[in-house]
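Peer 1: Would you be able to build a 3D model of this:
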Amino acid sequence: MKLTHEEFVRAWQSATSFGEFMATTQLTQGQASSRAGYLRRRGIMLKKFTPIGPKALDIKRLNEICAETKPNEEAK
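Peer 2: This next block holds a predicted model:
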């Protein structure tokens, strides 16, 4: 579904969730988030939805794992 910027913003702002927005507009998750990011970078103040998918990243723990498993220097 081809949406004008105005149609996109109206649908985004009236949706109660990101999933509802995608169902209403028939956009994929990638298409919707890419366009929302594009508009936000240009100053459009779109509301933020609760993230869908996996739980929030545990940055501290993931960085600890990276530090524990540094690549072998000989592999370079």
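Peer 1: What's the local residue count around the closest residue to Gln29 other than its chain neighbours?
Peer 2: Using C-beta to C-beta, 6 or more residues apart in numbering and skipping the chain neighbours, the partner closest in space to Gln29 is Met22 (6.3 Å). Placement of C-beta: from N, CA and C, glycine included. Look at Met22: counted by other C-beta atoms under 10 Å, it has 18 neighbours.
Peer 1: Show me the shaky parts of this structure.
Peer 2: When residues are selected by pLDDT under 70, those of the chain lie in 51-56, 72-76.
Peer 1: the helices in it, which residues?
Peer 2: Counting by DSSP state H, the segments of the chain that form helices are 5-14, 18-25, 29-41, 59-68.
Peer 1: With respect to Lys47, which of those lies nearest?
Peer 2: For Lys47, the closest of the helices of the chain is helix 5-14, at 6.2 Å, according to C-beta to C-beta.
Peer 1: hmm, who's touching the closest one?
Peer 2: Helix 5-14 is contacted from outside by 3, 21, 24-25, 35-36, 39, 44, 46-47, using C-beta atoms under 8 Å, 6 or more residues apart in numbering.
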